[in-house]
Structure formats: structure tokens, C-alpha cells
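Visitor: Structure of the sequence below:
(one chain, ligands or ions: 1)
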Amino acid sequence: MRSLSFSTATVQLLSAADIEEVVEIERLSNSHPWTERNFHDALVSGYLCLVARDHGAITGFAVARLLVDEAELLLIAVTPAVRRQGVALLLWIDMGERLRASGARTVHLEVRESNHSAQAFYASRGFAQSGVRAKYYPNGTHDSEREDAVLMKVSL
Ligand SMILES: CC(C)(COP(=O)(O)OP(=O)(O)OC[C@H]1O[C@@H](n2cnc3c(N)ncnc32)[C@H](O)[C@@H]1OP(=O)(O)O)[C@@H](O)C(=O)NCCC(=O)NCCS
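Guide: Just a heads-up that it's a prediction; the model follows:
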């Protein structure tokens, strides 16, 4: 477990018992949220799944998968009421250390072009844009409405 001096939050591995709480945060954070099944599958697949906890309540989570020396950050989200208090930073520091210890040297991710908050967070952690995937994300109800993904990466 890890904590920052200005926060009482700690980071732990996600357990199956946490998934209901995590899905609630995911629903508040993403237009096309992962389901409980997606999180169970991530655990079964051996993805690195972390939660941040403050006074017993989960305040954020992050999911990554490792592919030899490269990792992909699949999800990171924080309860809206406690954003800009360093929770994502805490999760990212822990995740980066765990990924590096497991052999990852680069972390990749995709983020919606319109998601400027997340891009600002990633940039603050040293991520740089590495490309664009055109019309990658579903947007709205029609199949034709799609949004570009910005690709970002950082060296660990
Ligand atoms: C992106 C997200 C995870 C950031 O979580 P957070 O706990 O609020 O981030 P932190 O407090 O750790 O921020 C660390 C730094 O990132 C940058 N940052 C984070 N959010 C930012 C924002 N909305 N605008 C500008 N910079 C931001 C800042 O540099 C910040 O440091 P500062 O507060 O001292 O200025 C959060 O906004 C979120 O859950 N968004 C919805 C889910 C999402 O979009 N996930 C990413 C999908 S790819």
C-alpha cells in the first residue's frame, strides 16, 4: 500500500468484491463504460487492476495490460467529487512502478480527441502524442458518428 503525505488514499490491487463500486465510478466517468463482466474478464486475464481507497471508499481505479516490454493503459478514472486532488497521480505512480518492475519500458494509451482533461493529466505525467486513430470511438447513437483517438505514449 502507498499513500501521499497530503492524502489518506491508498492504492491496492482490485478484488472481485470491489467491482460493483468501480463500475459505479466508471459509469460516471465514461460515455461507453466497461461493465462488471469487463472488469471480471480483466481480472481473469491477469491485467493489472488497481483501486485507490480513502477511508474505505474507492475513489478511483486504473487498468493496464502488459505485452512483454510494452504496456497499455486501458482505463483510469476518479470519482467526480474528488478530482484534482491527486488520486489519478497516486494511481499512476503505483501503476508505473508495478509495470516497470514487470518489465514494461513504454506505456501506450488511446484517449478521445475531445477529452482534454485526460490529455492534460497524461501530459502532466510525461505522455506525448504518438499518433491519431481516425474515427476510432463510437460517438452518439449512430454508427456513422465516430470520434478520433489521440494515441499517447511515455517511457518508464
Ligand atoms: C483524467 C482523470 C483520471 C484525472 O484524475 P484526477 O485525480 O482528477 O487527476 P489528478 O488530481 O491526479 O491530476 C494530476 C495532474 O493532472 C493534470 N490534470 C488533471 N485533471 C486536469 C484537468 N481537468 N485539466 C487540466 N489538467 C488536469 C494537472 O496537471 C494535475 O495536477 P494539478 O491538479 O496539481 O494541476 C479524471 O479527470 C477522470 O476520472 N476523468 C474521467 C475519466 C477519463 O477521462 N479517463 C481517461 C480516459 S482515456
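
Visitor: For the rest of this, base every contact and every neighbour count on C-alpha atoms.
Guide: Noted.

Visitor: What are the neighbouring residues in contact with residue 106?
Guide: Each residue near residue 106 by Cα atoms under 8 Å, 6 or more residues apart in numbering is listed here: 69-71, 153-156.

Visitor: for residue 32, helix, strand, or coil?
Guide: coil (DSSP: H, G, I helix; E, B strand; the rest coil).

Visitor: gap between it and residue 75?
Guide: In this structure, residue 32 and residue 75 are 12 Å apart, going by Cα to Cα, to the nearest Å.

Visitor: Same drill for those two, tell me which one is more crowded.
Guide: residue 75 (17 against 12; other Cα atoms under 10 Å).

Visitor: Dihedrals phi and psi, residue 34?
Guide: Per-residue torsions, residue 34: phi -60, psi 150 (degrees, to the nearest 10).

Visitor: Please report how far it lies from residue 40.
Guide: 10 Å.

Visitor: hmm, back to that, nearest to residue 90, of the contacts of residue 106?
Guide: Comparing those against residue 90 with Cα to Cα places residue 156 closest, at 15.6 Å.

Visitor: Read off the pLDDT value for the closest one.
Guide: If you check residue 156, the pLDDT there is 97.

Visitor: count of residues packed around it?
Guide: 14.

Visitor: Might one say that it is in contact with residue 107?
Guide: Yes. In this structure residue 156 lies within contact range of residue 107 using Cα atoms under 8 Å: 7.2 Å.

Visitor: one step back: which of the contacts of residue 106 has the most neighbours?
Guide: residue 71 (23 neighbours).

Visitor: Now the common contact residues for residue 32 and residue 75.
Guide: By Cα under 8 Å, 6+ apart, no residue touches both residue 32 and residue 75.
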